[in-house]
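Engineer: missing the sequence, but the structure's below:
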């Protein structure tokens with residue numbers, strides 16, 4: 001724990017009240033950004049995509065499960081991978097328990113990956129998740145939405161990434177190039193009858209909205225504690241952490 005200023009309760013309350021002003025301003029800015037996000041124009045999805053699910057093959061419209069809004073998490077899990085990406089898995093830990101609440105607001109949330117459905121379902125059981133997971137293995141979906149690449153496409157820059165990425169690649173049974181053939185993201189679709197529309201998409205730090213642990217870590221004294229070259233290297237599959245008494249040794 002770093003050294004920190006210590007004060008009286010009265011001084012703390014005054015400092016907290018001042019910080020609250022900035023927090024409220026940020027909340028209002030976030031509300032306005034959300035409004036602008038909802039007003040983005042839509043793009044009609046013309047291609048007929050087919051997915052494999054635990055309940056058999058489904059069209060894009062059928063993935064909505066009768067609702068008008070669909071949130072897709074593009075989970076990094078390639079066809080020849082042994083396990084899903086640890087960072088994507090930490091994100092799935094965050095949203096797995098909220099899907100029922102989203103349904104109550106006319107929104108379905110699922111994950112989509114290129115791995116065959118049997119491999120996805122086996123990994124879902126290992127992780128103890130309950131969300132629906134669809135395979136785009138025999139579909140152009142991942143390619144059309146730029147969440148899959150060939151080894152040749154990524155090999156030109158994959159050797160420039162931080163060394164700890166090899167840790168993530170190894171956890172999935174990959175080398176670094178193979179690991180980067182899949183990419184994460186979150187895409188929102190809207191449905192009207194059988195017509196499906198692209199409404200919103202984000203990736204990179206835009207995914208922090210579904211990385212609940214970051215919001216909590218931002219509240220604690222040490223924060224995210226992800227200094228270079230540690231950035232995200234601490235993340236594991238949740239059944240692979242080794243809990244130790246000295247936090248400094250994890251950095």
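Structural biologist: Looks like it came in fine. Everything numeric in this text was worked out from a predicted model, so none of it was measured.
Engineer: For residue 28, what is the enclosing helix or strand?
Structural biologist: In this assignment (DSSP states H and E), residue 28 forms part of helix 9-38.
Engineer: show me where this protein has helices.
Structural biologist: Counting by DSSP state H, the chain forms helices over residues 9-38, 60-63, 86-95, 99-103, 117-127, 141-144, 151-155, 165-171, 176-179, 212-217, given from the N-terminal end onward.
Engineer: what pLDDT, on average, does the last one get?
Structural biologist: Averaged across helix 212-217, pLDDT comes to 95.
Engineer: May I see the buried residues of that helix?
Structural biologist: By neighbour count with 16 or more other CB atoms under 10 Å, helix 212-217 contains the buried residues 212, 214. Every residue, glycine included, has its C-beta placed from N, CA and C.
Engineer: List of residues touching that helix?
Structural biologist: Contacting residues not belonging to helix 212-217 are listed as 90, 94, 208, 223, 224, 225 [CB atoms under 8 Å, 6 or more residues apart in numbering].
Engineer: ok, those residues vs residue 41, which is closest?
Structural biologist: Proximity of the contacts of helix 212-217 to residue 41 (CB to CB) peaks at residue 208, which lies at 24.8 Å.
Engineer: residue contacts, the closest one?
Structural biologist: Contacts of residue 208 were listed using CB under 8 Å, 6+ apart, and they are 214, 215.
Engineer: and if we set it to 6 Å?
Structural biologist: The neighbours of residue 208, taking CB atoms under 6 Å, 6 or more residues apart in numbering as the test, are residue 214.
Engineer: roughly how far apart are it and residue 45?
Structural biologist: Residue 208 sits at a distance of 26 Å from residue 45 (criterion: CB to CB, to the nearest Å).
Engineer: again, but for residue 70
Structural biologist: Separation of residue 70 from residue 45 (CB to CB): 11 Å.
Engineer: what's the answer for residue 63, then?
Structural biologist: Following CB to CB, the distance that separates residue 63 from residue 45 is 11 Å.
Engineer: what does residue 227 give?
Structural biologist: Distance of residue 227 to residue 45, computed by CB to CB: 42 Å.
Engineer: Residue 169 too?
Structural biologist: Summarising the geometry, the distance separating residue 169 from residue 45, computed by CB to CB, is 32 Å.
Engineer: more crowded one of residue 227 and residue 45?
Structural biologist: Using other CB atoms under 10 Å as the criterion, residue 227 and residue 45 rank with residue 45 on top: 19 against 8.
Engineer: returning to that earlier point: put the buried members of the contacts of helix 212-217 into a PyMOL selection.
Structural biologist: The following PyMOL selection, which keeps only the buried ones among these, applies the criterion 16+ other CB under 10 Å:
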select buried, resi 90+94
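Engineer: With pLDDT and distance to residue 77 added, can I get the contacts of helix 212-217 in JSON lines?
Structural biologist: Putting those into JSON lines (pLDDT from 0 to 100; distance: CB to CB, whole Å) gives the following:
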{"residue": "90", "pLDDT": "97", "distance to residue 77": "14"}
{"residue": "94", "pLDDT": "96", "distance to residue 77": "17"}
{"residue": "208", "pLDDT": "95", "distance to residue 77": "21"}
{"residue": "223", "pLDDT": "92", "distance to residue 77": "30"}
{"residue": "224", "pLDDT": "90", "distance to residue 77": "25"}
{"residue": "225", "pLDDT": "88", "distance to residue 77": "28"}
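Engineer: from the contacts of helix 212-217, which is closest to residue 7?
Structural biologist: Checking these one by one against residue 7 (CB to CB), the nearest turns out to be residue 223, at 19.6 Å.
Engineer: Output the below-cut-off pLDDT ranges for the stretch 51-200 of the chain.
Structural biologist: Regions of the stretch 51-200 of the chain meeting the criterion pLDDT under 70 are absent.
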